[in-house]
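Participant: Sequence and predicted structure are below.
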Amino acid sequence: MSNLFWLTEVQMARLRPFLPESHGRPRDDDLRVLSGIIFINRNGLRWCDAPREYGPAKTLYNRWKRWSDNGIFARIMVGLAAEGTDPKKIMIDATYLTAHRTSRSLRTKKGGPARQIGRTKGGINTKLHAVTDAKGRPIRFFMSAGQVSDYKGAAAMLSSLPKADWLLADRGYDADWLREALQDKGIKACIPGRNSCKKAVKYDKRRYKKRNRIEIMFGRLKDWRRIATRYDRCPETYRLAIALAATVLFWL
């Protein structure tokens, strides 16, 4: 039992406002089932490999599938993040997530961009773009094929950026259009220029040093085996697994 994951009563109290109401027959214990779902995702196990302490594997899978389809896990992360986000400073970055052979089918028309899997120098992978608050806690995610540039990820999340005083990003986001777009939103950019730039770009070096918190966030997410290696063929299922990991690691 000591090796299993169990949500605390305090954590469950924070989750309950976002859980759907039970209609008809009362559903199985939420604490036990949610703890089992988290255990499976954290360790990258098959549902049939769930420890019996969590109850029937079918119950765990059915709850995961039903609540995923209804957007419950995404709603939990967004709701908890809205309660505790520090609006003064946000950060943006991206990382590669290895796609396991079971998740890809690049030889068919249904693979590749539709599944958000692509080929890069590092292999076949998915790219996770993220926005975090000042403490490095994720508040927005965007998933793309591995070869998609950081620019496109930033453009996709631009309209959903929360109000903030500053945005920190590395040289991969050095673009005039991005700085202008941030300025229109009332956000100051702290982005160093590329080494190839002829004109030096001024930025707050002291403030920029704190950008390592988003790198730490990616590292902690990848401690979850199902996040570090993508086994899911469905991109939405994989994105919700990332949202669940982010909720448990940073918002509970």
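Facilitator: Noted; the coordinates are in hand. Residues are numbered from 1 along each chain as shown.
Participant: Tell me, please, where in the stretch 51-200 of the chain the pLDDT is lower than the cut-off.
Facilitator: Low-confidence regions of the stretch 51-200 of the chain, defined by pLDDT under 70, span residues 85-87, 105-113, 198.
Participant: those helices in it, which residues are they?
Facilitator: Along the stretch 51-200 of the chain, counting by DSSP state H, counting those that start in this stretch, helices occupy 57-69, 72-84, 150-158, 176-184.
Participant: Turn the ones you listed into JSON lines, including mean neighbour count and distance to residue 211.
Facilitator: For glycine as for every other residue, the C-beta is placed from the backbone atoms N, C-alpha and C. Converted to JSON lines, these look like this (neighbours: other C-beta atoms under 10 Å; distance: least, C-beta to C-beta, whole Å):
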{"stretch": "helix 57-69", "mean neighbour count": "17", "distance to residue 211": "32"}
{"stretch": "helix 72-84", "mean neighbour count": "18", "distance to residue 211": "19"}
{"stretch": "helix 150-158", "mean neighbour count": "18", "distance to residue 211": "14"}
{"stretch": "helix 176-184", "mean neighbour count": "14", "distance to residue 211": "15"}
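Participant: right, and the ones you listed - which one's nearest residue 218?
Facilitator: helix 150-158 (13.5 Å; C-beta to C-beta).
Participant: so for stretch 234-247, what's the average pLDDT?
Facilitator: Averaged across stretch 234-247, the pLDDT comes to 94.
Participant: Counting neighbours, which bits of it end up buried?
Facilitator: By 16 or more other C-beta atoms under 10 Å, the buried positions in stretch 234-247 come out as 235, 237, 238, 239, 240, 241, 242, 243, 244, 245, 246, 247.
Participant: Now secondary structure too, for the residues you listed, in TSV please.
Facilitator: Listed next are the buried residues of stretch 234-247 as TSV, based on DSSP: H, G, I helix; E, B strand; the rest coil:
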residue	secondary structure
235	helix
237	helix
238	helix
239	helix
240	helix
241	helix
242	helix
243	helix
244	helix
245	helix
246	helix
247	helix
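Participant: Can you tell me which of these is nearest residue 139?
Facilitator: residue 246 (9.0 Å).
Participant: With adjacent residues omitted, what lies nearest to that closest one?
Facilitator: Among residues not flanking residue 246 along the chain, residue 138 sits closest, at 4.7 Å (C-beta to C-beta, 6 or more residues apart in numbering).
Participant: Okay, strands next: where are they in the stretch 1-150 of the chain?
Facilitator: Per DSSP state E, counting those that start in this stretch, the stretch 1-150 of the chain carries strands over the ranges 89-99, 118-120, 123-132, 138-145.
Participant: Can you tell me what sits against the last one?
Facilitator: Outside strand 138-145, the residues within contact range by C-beta atoms under 8 Å, 6 or more residues apart in numbering are 77, 81, 85, 90, 112-113, 116-118, 126-133, 152-153, 156-157, 160-162, 217, 221, 235, 238-239, 242-243, 246, 250.
Participant: Distance from stretch 230-240 to the middle of the chain?
Facilitator: Centroid separation between stretch 230-240 and its chain, computed with C-alpha atoms, centre = their mean, to the nearest Å, is 11 Å.
Participant: let me redo that: stretch 18-29
Facilitator: The answer for stretch 18-29 is 27 Å, by C-alpha atoms, centre = their mean.
Participant: next one: stretch 49-56
Facilitator: On C-alpha atoms, centre = their mean, the centre of stretch 49-56 falls 26 Å from the chain's centre.
Participant: What is the end-to-end distance of it?
Facilitator: 10 Å (C-alpha to C-alpha, to the nearest Å).
Participant: domains for this structure, by residue range?
Facilitator: 9-70, 86-251 (automatic domain parsing).
Participant: All set, thanks.
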